[in-house]
Structure formats: structure tokens, C-alpha cells
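Peer 1: below are the sequence and a predicted model; questions follow.
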Amino acid sequence: MRNIVAGNWKCHKLMNEASAWMADMNDMMANLQGVEVMVAAPAPYLGVLAPLAGRVGLLAQNVGSNPAGAHTGEFTAAMLKSCGVTGSLVGHSERRARFGDTEEAVAAKVDALLGEGLDVIFCCGETLQERQGGRAEDVVFRQLESGVLRLGADVLSKVVVAYEPVWAIGTGQTATSAQAQEMHAAIRGWMSQAWGEEAARNVPVLYGGSCKASNASELFSQRDINGGLIGGASLTPQDFWGVIEGHPSAH
Ligand code: PGA
């Protein structure tokens, strides 16, 4: 089982700050074992950060789904790979809500990344309204169904799921460990139905949404939570290290 703590800087930091973060993070994690550390950086920095990434897996936050061609402003999975990027977030709720990432578009991005052998960090999660309406599981299932449950066993080693309840992202309002575990168990169940129990056990499911040093260890100790996707608390290496150290498998 891969244990993963991934940062998501979103649209933050300038180039020099990003490089300094990589250097500091690599110093801090020099002796770390048991947990993979990744960070999703803004696209303009990826080629510069790749040779500095060291033990940090370098992710993009988005990818185009078209092959190379006349698509001004887009970039392909092959371009990411040629920069030394190891994978990308796909379907983050901010992209679904504000940048037109429909379920079809998200699925096409998943396929584009897997076509290049890159890691897919597939984000899913319900809004507050959907949760209050009793539809949280339906929504998350639908996202997973079109995004990843349709995939074949041959690509599962490249797939990571991140459950991020939209109401917990950047709000300081974390899901309780019981709420998070409940959804993670449901996700594990759907994955088992799609791929069989053993394969499903090996696909990491990360929690995201106001996860920080003070709540990481409780969340990451839940049976079906294999790590986290961390926004605000990944912006400084010190804060992020506090989250990583909270993982029960980190040593
Ligand atoms: P947050 O963001 O940790 O700042 O809530 C998580 C995310 O959106 O990936």
C-alpha cells in the first residue's frame, strides 16, 4: 500500500519561493520513510522544479486532454512527462466548479495521463448542499464511476483517489475522522466491486479539506485513509512537515 501526503499549492508562490520550498522540504525529509511526499505546483514552475524535486514527487494541478496540436494555452500529458513531472491532480473541485471540468472532461484527462504512464490523483467530493440533501455518497460514486471505476486493472498502480468534501476545502471546517472514514469505506467498497478486493486495497485513498498538523494523525489513522491532499498547510515546509509527521506510517 502506498501512503501518500501530497501538497497542493493551488495558485500561490513565486518561482524563487517554490525553489526554496523544494530545498527546505528535501532537507526536512532526508531520513523520512514510510510515506511518499508529493506536491502539485503551478504549471509555469514545473520544468524548473523537476531537477530540484529530489525525493518529492512533482505533480501538475491540471492537464489538457487533447494531443499536441492547435490548442493555445493548453499543455499535454506528454509535455508534463518531458519536464520530469510524475503525475497530476485531476478533477479538483475548484476546477470542476470554476473552469468547466465536466465529468467527461475529467475522464479524458485521466486517460491522457495514464496514456503517458503518469500518476492520476483523482479528486472527488460533495458540496455542503449535496451532503445536507443526503446525496453525498451518490455524488461521489458518480464522480468515481465516470472517472476511475471504469479503468482496467493494468493501470491501477498509477491511480490515487483523493476524497475532498468541498465544504471542508479551505474553510477550516475539517470532516470529522468518522465522517471521512465513512466515505472512504464507501469508496473502498465501490472500488472492490469494480476491481476486486485486493486491487481495491492497493489504491490509496487520500483525505483532503482543511487537513493540518493538529488533525492529520487522527485522520490518517482511520482504516481506509491512506494519507492526505493538503492545500493551505502545504504552503510552508514547516507546516507541511507537521502534516507528514502525523502519518502513522512515517518514520
Ligand atoms: P485545504 O485544501 O487543505 O486548504 O483545505 C485542500 C485541497 O483543496 O486540495
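Peer 2: Arrived safely, thanks for sending. Numbering: from 1, shown residues only.

Peer 1: V160 against Y207, yeah?
Peer 2: No: applying Cβ atoms under 8 Å, one finds V160 not in contact with Y207, separated by 11.9 Å. Glycine gets a C-beta too; all of them are placed from N, C-alpha and C.

Peer 1: tell me which of these two has more neighbours.
Peer 2: Y207 (31 against 25; other Cβ atoms under 10 Å).

Peer 1: state the phi and psi torsions of the more buried one.
Peer 2: Note on Y207: backbone dihedrals following degrees, to the nearest 10 are phi -100, psi 140.

Peer 1: show me what contacts whichever residue of the stretch 1-150 of the chain sits closest to the ligand?
Peer 2: Here the residue of the stretch 1-150 of the chain nearest the ligand is N8; by Cβ to the nearest ligand atom that distance is 4.1 Å. Residues near N8 by Cβ atoms under 8 Å, 6 or more residues apart in numbering: 39-40, 61, 89, 92, 208, 229-231, 234.

Peer 1: can you check E74 too?
Peer 2: Applying Cβ under 8 Å, 6+ apart to E74 gives the contacts 64, 66.

Peer 1: just the pLDDT at it, thanks.
Peer 2: Per-residue pLDDT puts E74 at 97.

Peer 1: per-residue confidence for the residue of the stretch 1-150 of the chain closest to the ligand?
Peer 2: In this model, N8 carries a pLDDT of 98.

Peer 1: quickly list what it is bridged to.
Peer 2: N8 forms beta bridges with A40, as assigned by DSSP bridges.

Peer 1: could I get the full set of helices for the chain?
Peer 2: 15-28, 46-49, 77-83, 93-98, 103-115, 128-132, 136-144, 177-195, 197-201, 213-220, 237-245 (DSSP state H).

Peer 1: so which other helices or strands are in contact with the shortest one?
Peer 2: The criterion is 3 or more Cβ pairs under 8 Å, 6 or more residues apart in numbering; DSSP states H and E, and the helices and strands that helix 46-49 contacts are helix 15-28, strand 56-60, helix 77-83.

Peer 1: any idea how far V139 is from V166?
Peer 2: From V139 over to V166 the distance is 10 Å, taken as Cβ to Cβ, to the nearest Å.

Peer 1: which residues do these two both contact?
Peer 2: 126-127.

Peer 1: this protein against the ligand: which residues are in contact?
Peer 2: Counting by Cβ under 6 Å from any ligand atom, the chain comes close to the ligand at 8, 164, 169-170, 208-211, 229-233.

Peer 1: pLDDT-wise, what's the bottom of those?
Peer 2: Among the residues of the chain next to the ligand, G170 has the weakest pLDDT, 87.

Peer 1: buried stuff in stretch 140-159?
Peer 2: Buried residues in stretch 140-159, defined by neighbour count with 16 or more other Cβ atoms under 10 Å: 140-141, 143-144, 146-149, 151, 155-156, 158-159.

Peer 1: of the residues of the chain next to the ligand, which pair is most distant in space?
Peer 2: Spatial extent of those (Cβ to Cβ) is set by the pair E164 and A233 at 13.6 Å.
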